[in-house]
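Chemist: sequence plus the predicted model coming up.
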Amino acid sequence: VQLQASGGGLVQAGGSLRLSCAASGRTFSGYAMAWFRQAPGKGRIFVGQITWSSGDTHVVDSVKGRFTISRDTAKNTMYLQMNSLKPEDTADYLCAAASTTKSFDYWGQGTLVTVSS
């Protein structure tokens with residue numbers, strides 16, 4: 001499975017962006033897909049995930065109420081809708097896929113989100 005993230009860019013604080021993560025190579029039928037982010041000079045951190053079969057989602061507290069994860073199984077694509085963006089949301093956003101519950105075994109390249117104050 002190859003993952004391609006897109007949709008990043010420059011946005012003012014309070015604005016919105018929608019990121020996409022398209023899976024190719026074969027139809028994704030694994031356990032979950034997720035978003036991570038890595039701010040400049042910082043480590044990679046988990047943002048949230050979606051269980052592929054059920055659509056159940058979980059996001060971390062720092063983005064709860066602002067970020068929403070969804071998926072389109074027909075398009076093999078996961079989305080991250082980001083609203084009320086803050087400068088501290090500035091980061092490289094990466095998507096990952098888990099074939100099983102054990103680990104994320106597929107990773108895409110990042111898409112850069114820059115939020116100006």
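Modeler: Great, that's in hand.

Chemist: which of the helices or strands spans the residue nearest the centre of the chain?
Modeler: By C-alpha atoms, centre = their mean, the chain has its centre lying nearest to residue 35, at 3.0 Å. Under DSSP states H and E, the secondary-structure element containing residue 35 is strand 32-38.

Chemist: hmm, back to that, give me the pLDDT value at the residue nearest to the centre of the chain.
Modeler: pLDDT, residue 35: 98.

Chemist: residues in contact with the residue nearest to it when sequence neighbours are not counted?
Modeler: Using C-beta to C-beta, 6 or more residues apart in numbering and skipping the chain neighbours, the partner closest in space to residue 35 is residue 47 (4.2 Å). Backbone N, C-alpha and C define where each C-beta goes, glycine included. By C-beta atoms under 8 Å, 6 or more residues apart in numbering, the contact set of residue 47 is 34, 35, 36, 37, 59, 60, 63, 67, 80, 93.

Chemist: chain center to stretch 19-39, what's the gap?
Modeler: Offset of stretch 19-39 from its chain centre (C-alpha atoms, centre = their mean, to the nearest Å): 7 Å.

Chemist: can you give me the end-to-end distance of it?
Modeler: Start-to-end span of stretch 19-39 (C-alpha to C-alpha, to the nearest Å) is 16 Å.

Chemist: buried sites along that stretch?
Modeler: Neighbour-count burial for stretch 19-39, with 16 or more other C-beta atoms under 10 Å as criterion, is recorded at 19-23, 28, 30-37.
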